[in-house]
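Participant: please find the sequence and the predicted model below.
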Amino acid sequence: MTATRIDGKAVAADLRAEIAVKVKAFEKRAKRLPGLTVVLVGEDPASEVYVRNKGIQTREAGMVSNEIKLPGSTSQAELLSVVATLNADPAVDGILVQMPLPKQIDTQAIIEAIDPAKDVDGLHPANAGKLNQGIEALTPCTPLGCMILLEKSGVQVAGANAVVIGRSILVGRPVAALLLAANATVTIAHSRTKDLAAVCRQADIVIAAVGKPELVRGDWIKPGAAVIDVGINRVPGVESGKTRLVGDVHYESAAAVAGVITPVPGGVGPMTIACLLQNTLTAACYREKIDPKSLV
Ligand code: NAP
């Protein structure tokens, strides 16, 4: 059996097109556009590319995009003051402080300083707490993207055994909460889990968010399971010597057993920015007391 490859690029493009239509409907009702501000501290090349792409896609969806670039030497007090200004700015619906932050800055203090109503990364404890209580809230983008990919692939989540590998606040924990909210029976595995292969073999849905290249092998996968690979790992190319991207799942062996599977690149990755745009529109709707589901 060969798995169906889930085309995250196509699903993300469709989602962005849907959001662009809803942004127009929002503008008609609110008489303004939703606005996202991304704060980048320092000059990490990967973050710069990511922030540039966010800006392009935000503008393409018809929203207002602002970028604030700060030097790598920025102090925590300076960054907190920028966040406070954005919290108070009525034109800003979404604030995203790009991670990782330089060493002198306490990341958790920055996460907690962002107004939960503008927390489009969904990392503030108020939003994470709501998610865990099953209350509607701004939800981290990559986990939202995983759930949309499952839905678009026709995967039955209710009643399924789901194994999430990884327990970060960015991916593992929120995706487990979303799966539970969708009535899956959820196991969260991590670096101390015993016999991870045996745990995975029970899973109808495997979400790998580990950061270990090709850790999950084909013989860990139950025949017909859905495999969502969140991992983005750079490894040396065999022949070229250049680096190449691989996921946390060994694609070829897993695709020979799974029912559906996401590739890396082109699977979960493109969904993250699309979901950031969705969260920005949702945050704008909440602030304007508009039901996001009423936008068509
Ligand atoms: P993270 O914060 O480093 O967390 C990794 C998790 O994996 C931890 O919970 C860790 O367990 C667990 N783990 C590590 N080694 C393990 C092993 N051998 N067996 C089982 N579990 C193990 O990483 P993250 O931020 O969640 O990101 C995970 C991956 O997703 C990375 O490759 C990252 O680049 C990628 N990512 C992709 C996107 C996207 O847009 N596609 C977005 C975010 C992240 P402990 O808790 O016990 O240490």
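Facilitator: Happy to help now that I have it.

Participant: is any part of stretch 178-196 close to the ligand?
Facilitator: Yes - using Cβ under 6 Å from any ligand atom, we find that stretch 178-196 touches the ligand at 189-193, 196. Using the backbone N, CA and C atoms, a C-beta is placed for each residue, glycine as well.

Participant: contacts for that stretch, please.
Facilitator: 131, 134, 139, 143-144, 146-147, 157-167, 172-173, 176, 199-200, 202-203, 205, 207, 220 (Cβ atoms under 8 Å, 6 or more residues apart in numbering).

Participant: still on that earlier bit, who wins for neighbours among the residues of stretch 178-196 next to the ligand?
Facilitator: Tallying neighbours with other Cβ atoms under 10 Å puts residue 189 at the head of the residues of stretch 178-196 next to the ligand, with 22 neighbours.

Participant: sort out for me which of the contacts of stretch 178-196 are in strands.
Facilitator: Using DSSP state E, the subset of the contacts of stretch 178-196 located in strands is 161-165, 205, 207.

Participant: before we move on, back to that, so which of the contacts of stretch 178-196 are also by the ligand?
Facilitator: 165-167, 172.

Participant: and the residues you listed as CSV, adding neighbour count, distance to residue 235 and pLDDT?
Facilitator: Listed next are these as CSV, based on neighbours: other Cβ atoms under 10 Å; distance: Cβ to Cβ, whole Å; pLDDT from 0 to 100:
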residue, neighbour count, distance to residue 235, pLDDT
165, 29, 18, 99
166, 23, 19, 98
167, 16, 24, 98
172, 22, 22, 98
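
Participant: okay, now residue 28: neighbour count?
Facilitator: 8.

Participant: got it, and the one 3 residues further on?
Facilitator: One way to gauge burial is a neighbour count; for residue 31, by other Cβ under 10 Å, it gives 8.

Participant: do you know the pLDDT at it?
Facilitator: Looking at residue 31, its pLDDT reads 98.

Participant: what do you get for residue 239?
Facilitator: 74.

Participant: SS state for it?
Facilitator: Local secondary structure at residue 239 is given as coil here, using DSSP: H, G, I helix; E, B strand; the rest coil.

Participant: and the closest residue to residue 212 other than its chain neighbours, what does it touch?
Facilitator: Leaving aside its sequence neighbours, residue 212 sits nearest to residue 248 (Cβ to Cβ, 6 or more residues apart in numbering; 5.8 Å). Counting by Cβ under 8 Å, 6+ apart, residue 248 touches 165, 208-216, 229-231, 233.

Participant: buried subset of these?
Facilitator: 165, 208-210, 213-216, 229-231, 233 (16 or more other Cβ atoms under 10 Å).

Participant: wait, doesn't residue 111 sit right on residue 123?
Facilitator: Yes - with contacts defined as Cβ atoms under 8 Å, residue 111 counts as touching residue 123 at a distance of 4.8 Å.
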